[in-house]
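Sequence first, then the predicted structure, then my questions.
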Amino acid sequence: MANKIIETTLNDLLNGELRAHHAYLQAAAWVAERNLDGRYKFLLGHAAEELKHMHRIFSFQNELGAPVIFTELPAPQVTANDIKGLFTIVANTSRASPPRSTPRLTSPGPRRITRRPHSYSGS
């Protein structure tokens, strides 16, 4: 079992990646409604990347034996009037910091980390 601070931090990261994925998909829908195909593909690519990050964290947590806890996904709100406004919203969403309840980790100094072998046998 992992340290509670690490478990909380990993779950916050996992949910942050999922929220970012959701926001990029909503932004992609916004540009699709306006027939901005190049930007649509760009945003879908970013949405896929965020989902990939979430999957990596999810797999790591399972290998670590840490519980995975999903939080409720709020509906992304796109209130942009133009493409510049949209990308401002997207930039602010992707830079959003984790919830304040997340403890900040500070390092006491160098530490030796031993990796545990995992039992995952997938390809």
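Good, I have the coordinates. Numbers count the residues shown, from 1 in each chain.

longest helix of the chain?
Criterion DSSP state H: the longest helix present in the chain is helix 4-33.

Now for the residue most central in space within the chain: which residues touch it?
The centre of the chain sits closest to Glu17, judged by C-alpha atoms, centre = their mean, with a distance of 0.7 Å. Neighbour list for Glu17: Glu50, Leu51, His53, Met54, Ile57 [criterion: C-beta atoms under 8 Å, 6 or more residues apart in numbering]. Any C-beta I mention is one placed from the backbone N, CA and C, and that applies to glycine too.

Turn these into TSV, columns for distance to Leu13 and secondary structure.
Listed next are the contacts of Glu17 as TSV, based on distance: C-beta to C-beta, whole Å; DSSP: H, G, I helix; E, B strand; the rest coil:
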residue	distance to Leu13	secondary structure
Glu50	11	helix
Leu51	13	helix
His53	8	helix
Met54	9	helix
Ile57	5	helix
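
okay, the residues you listed in a markdown table with pLDDT and neighbour count next?
Shown next, in a markdown table, are those (pLDDT from 0 to 100; neighbours: other C-beta atoms under 10 Å):
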| residue | pLDDT | neighbour count |
| --- | --- | --- |
| Glu50 | 95 | 20 |
| Leu51 | 96 | 17 |
| His53 | 96 | 17 |
| Met54 | 97 | 20 |
| Ile57 | 97 | 19 |
